[in-house]
Each structure stands twice: as structure tokens, then as C-alpha cells.
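Asks: Fold the following, please.
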Amino acid sequence: MISRARLMEATQDSCCQVVGQHVPKRAVLQRSWFDIVAVALTAALCMLPNLGAHSLWDVDEARNAECAREMWEADDWIVPTFNYELRTDKPILPYWLIMLSFECFGVSEWSARLPSALAGIATCILTYGLGWSMFGRLTGLLAGMMLASAILFNVLSHAVTPDALLILWTTAALTSAWLGIAHARPSWLAWFGLFTGLATLTKGLVGILLPMTAVGLFLIWQRKLSLLWNRWLVWGIVLWLVVTLPWYIAVGVATKGEWLLGFFGRHHVERFTTPLEGHRGGIWYHPLGILVGFAPWSAWLVLALTVMLVQWYQQRSHRHAASDSSNSGTASHSASALRFLACWCATWLVFFSLAQTKLPNYVAPIYPALALLTSVWLVAWMTKQTEAPGWMIATTLAVWGLIGVGVSVGILVASGVIFVPLLEGRTIPDLARLSWLGLLPVIGTILAVWAWHRGRYLAVVGSCLISGVAFVAVGAAFGPTLVHPAKIAHRLGEAIRQTQSEREIRVACYGWFQPSIVFYVQRPVANLREVHDAQDWLEHPLESYLIVSRPWWEERLLPMLRQPHTMLGSYWDFTRAREILLVKNRAPESASARCLEPIIARLGGDTSARGDARLTSQAVALPHGPVAPGPDEAFPAKVDLGRD
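Replies: Numbers count the residues shown, from 1 in each chain. Modelled structure (predicted):
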């Protein structure tokens, strides 16, 4: 093993400015713009294709998108609601950005997901810039592309959740801190206050407490805590207060403190002290989650961390050994950078390992740091400035290929090609068309092994990068679109709009409820618990729709009904392995029924005898006038669906 000083030296690219070097500013700018475009295009390739080609996922995506839609519909920029009731789960900034997207592009899945996708792309660019500042241009470039192709980061950049935005603000805050500390510019405290303010407005107090802890630990480690005591600290505090307090005060006043109590009480204190909604796990939950979420790059992450820890231990054992004084400045700079990344990762891992409620996305803000740690070692290795045992490289490349094999096997299981009794009724046959996806990492492994045996380490990393980006980009673009036809909320919403015959209608669920149904019917959806409530719902004089599971319909509700009704169709919910029926409380009209049958067939409903939805004696009046848009189309601005 070579000394730690040489490892640090290897990470400094000849094109960047390090201690004792000067690079023409124009050359640096030209290279940086080229790199930024390359990273942005790579991230866009992984995040933008088919962004709106599939319906919302339950439950978080649906709740966040519908909350923003309701606020946009009501032109209310203060109080978040879901299903037209107060929602205390998240602060306001994600909703504001989605509302702006709705205002610009209309209400759709694509416009709801756009802020997260743009945040993901921006985070990759920031990671590149931070990597260049810490270790050199090549390290930053590789880290930015690596981050875009990490599975969990990619998923969050596709999702209507606050996580992608939180990662962006956290990365921006820590980048400003590193640049300010490394270059002795105290104004970083103001930028830190601004970005942590945005993070607090995105997901609460974790947006300020954890970045502040990470920076504080680093300053203590570096014995530079005195850097905080200057006038820019006041500006940082002022900016944080200016960004966060106005809305928190406004929502507290508007809801008489109810929102503040629910958010800080339940979603801060209770989430930390008790496992909410069954999301529990042991001390190894987040390390194991990173192995999956950072895949396929977790294979290289484990190798990089192992080798760097061994070198660090050896360096401590020989701390009095002579070192090359010409590289002391570079080594010191890079050592400080590694300490900064270590504080970043440790803060999130320790905090959320102590928290009782655990989810993989809680530690996602450390993914840029993980990408940098992996990249700095890979650059040193591929430039042959450091080494690793051959068996470790071979194992890493084997794991890279096995990740592809595992994904292909998983797809075959999920599609039902490989039968698993526990998944009976929960498979999606269309997914089998993507079973070849795992070949991409396998091909990457074959090419990487070939290059490794010939000593072409740059080609090894290049093979993994190309195959990893292609693997994640193709999976993200086409996987959800193959699942889309099997999801039922968007089909139920379209069926209701297509068969609506009166201006004012009511919609309810009994024995089944998914938050996305509220988004697709664009009106309140009652979640009925008692059979008598369901009976009253269908016997109400207003035009009413009931979404009900078949067992509850046949065993509880149907024997009690006295009013005529129409069965519009049946839908198979693969997530619950249950058949769902759509019922309307209107007397049939035989002529309409004959016209309706092809509509229901087009919507994917079962009008066969098995579905018990034959319309031989029952029918539904077809809607008058223009047909409302389908779920795969953008909803026009301020759609009037007849709700007063």
C-alpha cells in the first residue's frame, strides 16, 4: 500500500488549482462549463425520460401532488390540505414549487414531478463542483455522474416528495461551508443560513440541525471553531429567520396552532421517539439500506472505504515516517476534505440510527458525500497511484455483474415468469419485457474484467460508468411505464369522469382507499368504515360513486341495498391482491349501457360475467358535452368537475 500522502496527491487533477499551482482562469472556466454540461446531460438522461408517462405512486407521491393541487385550486399559499383536510406532514416549499409547475404547465404527473427532477440534476452539478474544489476536476466529474446513477437518488429525483429538494439544499449549504472554510471566506455563513433556511422550509428542523452539526464537528476536528465568531454569523442567522419564520408564523395563525402542533409534535418528536407506521429497524438498517440505495455503486463504495480505512490506520501507525514536503499542502487539503465528508456522513447515520422511525430516504442527503468518497479512491486507483488486492477488485466486479443478475431475476419474479406462491395475484406480466435490463451491468462487468487484466484501469471505471448510467436510466424510464397499466386509481378516475351525468357528484371508498384516487377524481373522497354508511351513500339522491372491494360488496353491502344501482366495472388491485368494483347509484338505461360497454373495456374495467359487472339490465348515462381529459393527459387549468 502506498502512503496516504500519495493517495491524496493522486486525487488532484493537473487542470485544477492546488497549493503552489496557478491555472489560467479562462481555461478553468472552459473546462468547468464543459464538465457541467456533461454532468447535467447525464443526470437529465437518468431523470427526465418518461417522467410523466405513468400515474402517481401511493402513498407519498399521491398525497404530496394532491396537496399541491388543492392549494393551487383554492389559490391558498399558506395552509396545506389533502382530501380537503389539513395536512401537517410537510412544510410548504415543495408544495409551492409544484404549484408553480402546475401554473406553468397545467396539472399532470409530469409537472408534479418536475421540481424533484430539476433538484436532482442541480445536486449532481453541485456535487461535481464540490468534488473539484476538494480533490480535483476528474473526481468531481465522476462523482456527479455516479450520483445520478445511484438507484435511491434516482428514485427520489423522480418522486413527488421533498427528499430531492432537501438533498439539494443540504448539499448547497455544506458546499458553501466547505468553500468558505477552505478559502477563509467568512461570508459562507450567510449562504449557509440561506440554504439551511430553504431546507427547513422543505422538511423541518433537520434542515438546519444536521448540517449545523456536521459543520460544527468538522470545525472542532480542525480546531477552527473560532471561525464562527464574526459578523457574518449574524447575517446567517438573520437570513435563516427571514426565509423560515414568515410562513411558519402564517400557517400557525391560519390554523390556530394546529399545523404546528401536528408537524413538530407528531412528525418530529414522535418520529424520533417511536416507530411510526411500522417503519422500524435496528442499528444496521441504514448501512444495509445504503448498500441497496447506492447500488450499483455500493460495490465500489465498500472497496473504497475499506482500502482508505486501511491506509488511514497504516498512516497512524507510521505517523513519524518521512513524507514528501512538496506534497504536504495538497495532502493537508485533501485530508481536510475527507474529514469534512466523514463528518457529513456520520452526522446523518448516527442521528437516524438513533431515531426510532426508519426509512431509507432519511439518510439520502449523504449520497453526494458517498459519491465523492467513492470517486476520490477510484480516480487514485485508475491513475495507478494507489492499489487494492486483486481479490477485492475481482469481488467488486463480480458484485457489479451480480447486481444485474439479481435485478433480472427480480423482474422475472415480479412479472410472474418465475412463480412465487406469496406473490400470487400481485404480479405484473408486462414487466417481463424488461427482464433483459440486468444484462447491462453484466456486459459492463465483462468489459471491465477484460480491461483490468490488461492494466487499463481507466477503461474499467469507464465500463462501469457507462453500464451503470444505462442500467439506471433505462430502468427509470421504462420500468414504471410497464407498471402503469396495472395500477387502478387513474383508471377509476377516468371511468368516473367519463360516466358522470350530473354536475354535482359524490365519490367514496369502502373497504379500499388509495390517496391517488383523490388526485384523479379532483374532489373530496370519503373513506367509509361502516356498511350502513356505504348503504346511505348509494341511496343518497345526489349522483354518487362507490369504490368497494368485492368481498365487502358481496358479503356486507349488496344484501342491504334497496335502491337501483349500476356496476360500472371491476379492477384488479395487484398491490392488495383484491378485486375492486366501481358502483354508481343511478338507475340503468339500456341504450346508454350498450354505448358504455366499449368505454369500460377501453378503461380496463372487467365487464364480463366473472367481474359481475355486466350491463345487460343496468346502465349508466353517458356524459353530456365534451369528455373530460384522461389521466395520461394534462388536466386543463382550473378544471370544473361540477363541485360547488
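
Asks: quick one: the strands in the stretch 1-150 of the chain?
Replies: Counting by DSSP state E, counting those that start in this stretch, the stretch 1-150 of the chain has strands at residues 81-82, 85-86.

Asks: Looking at the ones you listed, spot the one closest to residue 458.
Replies: strand 81-82 (50.4 Å; CB to CB). Using the backbone N, CA and C atoms, a C-beta is placed for each residue, glycine as well.

Asks: Now do that closest one: which elements does it pack against?
Replies: In terms of contacts (3 or more CB pairs under 8 Å, 6 or more residues apart in numbering; DSSP states H and E), strand 81-82 is packed against helix 60-74.

Asks: Contacts made by the helix it packs on with the rest, please.
Replies: With contact meaning CB atoms under 8 Å, 6 or more residues apart in numbering, helix 60-74 is reached by 56, 77, 79-84, 87, 89-90, 94-95, 98-99, 102-103, 107, 109, 112, 159-162, 489, 514-516, 518-519, 522, 638.

Asks: name the element residue 336 belongs to?
Replies: helix 328-354 (DSSP states H and E).

Asks: Looking at the strands of the stretch 1-150 of the chain, which one is packed in the most?
Replies: strand 81-82 (a mean of 20; mean count of other CB atoms under 10 Å).

Asks: what pairs with that strand, and is each one parallel or antiparallel?
Replies: Strand 81-82 pairs in its sheet with strand 85-86 (antiparallel), by DSSP bridges.

Asks: Show me how far the partner strand is from its chain's centre.
Replies: 24 Å (CA atoms, centre = their mean, to the nearest Å).

Asks: try stretch 421-429
Replies: That offset, for stretch 421-429, works out to 25 Å (CA atoms, centre = their mean).

Asks: and what of stretch 460-472?
Replies: The answer for stretch 460-472 is 21 Å, by CA atoms, centre = their mean.

Asks: and if you look at stretch 568-587?
Replies: Distance, stretch centre to chain centre, for stretch 568-587: 30 Å (CA atoms, centre = their mean).

Asks: quick one: average confidence on that stretch?
Replies: Mean per-residue pLDDT for stretch 568-587: 91.

Asks: Over to stretch 515-533?
Replies: 94.

Asks: sorry, back to before: which strands and helices sit next to the helix holding residue 336?
Replies: Contacts defined by 3+ CB pairs under 8 Å, 6+ apart place helix 328-354 against helix 4-10, helix 109-135, helix 163-182, helix 206-222, helix 285-293, helix 367-382.

Asks: closest to residue 198 out of those?
Replies: Residue 198 lies closest to helix 163-182 among the helices and strands packed on helix 328-354, at 4.5 Å (CB to CB).

Asks: quick one: contacts for residue 125?
Replies: Contacts of residue 125 by CB under 8 Å, 6+ apart are 36, 39, 40, 43, 144.

Asks: among the residues you listed, which two are most distant?
Replies: Across these, the longest distance by CB to CB is 10.6 Å; it joins 36 and 43.

Asks: Between those two, which is the more surrounded one?
Replies: Ranked by neighbour count (other CB atoms under 10 Å), residue 36 and residue 43 place residue 43 first, with 30 against 16.

Asks: Surely that one touches residue 119?
Replies: No: assessed by CB atoms under 8 Å, residue 43 is found out of contact with residue 119, at 10.5 Å.

Asks: any common contacting residues for the two?
Replies: residue 157.

Asks: Give me the below-cutoff pLDDT ranges for the chain.
Replies: For the chain, the stretches flagged by pLDDT under 70 are 1-30, 317-331, 589-644.

Asks: Excluding chain neighbours, what is closest to the residue nearest the centre of it?
Replies: Taking CA atoms, centre = their mean, the centroid of the chain lies closest to residue 156, which sits 1.2 Å from it. Leaving aside its chain neighbours, residue 156 sits nearest to residue 163 (4.3 Å; criterion: CB to CB, 6 or more residues apart in numbering).

Asks: May I have stretch 201-209 as PDB, with CA atoms only?
Replies: Listed next in PDB are the C-alpha coordinates belonging to stretch 201-209 (Å, rounded to 0.1, in the frame of the first residue of the first chain):
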ATOM      1  CA  LEU A 201     -38.900  25.200   4.700                       C
ATOM      2  CA  THR A 202     -38.600  21.900   2.900                       C
ATOM      3  CA  LYS A 203     -38.600  19.300   5.700                       C
ATOM      4  CA  GLY A 204     -38.400  20.900   9.100                       C
ATOM      5  CA  LEU A 205     -35.700  21.300  11.700                       C
ATOM      6  CA  VAL A 206     -33.500  18.500  10.200                       C
ATOM      7  CA  GLY A 207     -32.700  21.100   7.500                       C
ATOM      8  CA  ILE A 208     -30.800  23.200  10.000                       C
ATOM      9  CA  LEU A 209     -29.800  20.900  12.900                       C
END
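
Asks: buried residues in it?
Replies: By 16 or more other CB atoms under 10 Å, the buried positions in stretch 201-209 come out as 201, 202, 203, 204, 206, 207, 208.

Asks: What of stretch 212-222?
Replies: For stretch 212-222, burial by neighbour count (16+ other CB under 10 Å) applies to 212, 213, 214, 215, 217, 218, 219.

Asks: Quick one: residues contacting the second one.
Replies: Residues in contact with residue 213, defined by CB under 8 Å, 6+ apart, are 347, 351.

Asks: From residue 163, how far out is it?
Replies: 19 Å (CB to CB, to the nearest Å).

Asks: try the first one
Replies: Relative to residue 163, residue 212 is positioned 20 Å away (CB to CB).

Asks: go on, the third one?
Replies: In this structure, residue 214 and residue 163 are separated by 18 Å, where distance is defined by CB to CB.

Asks: What ranges does the stretch 451-600 of the chain have for its helices?
Replies: Ranges of helices in the stretch 451-600 of the chain, per DSSP state H, counting those that start in this stretch, are 457-483, 489-499, 516-521, 531-538, 550-552, 590-602.

Asks: out of these, deepest packed?
Replies: Comparing those by mean count of other CB under 10 Å gives helix 516-521 as most buried, with a mean of 26.

Asks: on contacts alone, who are the packing partners of that helix?
Replies: Short answer (3+ CB pairs under 8 Å, 6+ apart): helix 516-521 packs on helix 60-74, helix 489-499, strand 505-510.

Asks: how about a markdown table for the ones you listed, with distance to residue 442 added?
Replies: A markdown table is the format used below for the helices and strands packed on helix 516-521 (distance: least, CB to CB, whole Å):
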| stretch | distance to residue 442 |
| --- | --- |
| helix 60-74 | 31 |
| helix 489-499 | 35 |
| strand 505-510 | 44 |
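
Asks: Quick check: which of the ones you listed is nearest to residue 254?
Replies: helix 60-74 (12.1 Å).

Asks: residues in contact with the residue nearest to residue 587 when sequence neighbours are not counted?
Replies: Among residues not flanking residue 587 along the chain, residue 564 sits closest, at 4.3 Å (CB to CB, 6+ apart). Neighbour list for residue 564: 585, 586, 587, 588, 618 [criterion: CB under 8 Å, 6+ apart].

Asks: of the residues you listed, closest to residue 498?
Replies: The closest of the contacts of residue 564, once distances to residue 498 are taken by CB to CB, is residue 586, at 14.1 Å.

Asks: was I right about the closest one contacting residue 501?
Replies: Yes: here residue 586 reaches residue 501: they are 7.2 Å apart, a contact under CB under 8 Å.

Asks: Neighbour count for those two, which is higher?
Replies: Taking other CB under 10 Å, residue 586 and residue 501 do not tie; residue 586 has more neighbours (22 against 15).

Asks: what about the closest residue to residue 89 other than its chain neighbours, which SS state?
Replies: Excluding the flanking residues, the one nearest residue 89 by CB to CB, 6+ apart is residue 267, at 6.0 Å. Assigned by DSSP: H, G, I helix; E, B strand; the rest coil, the conformation of residue 267 is helix.
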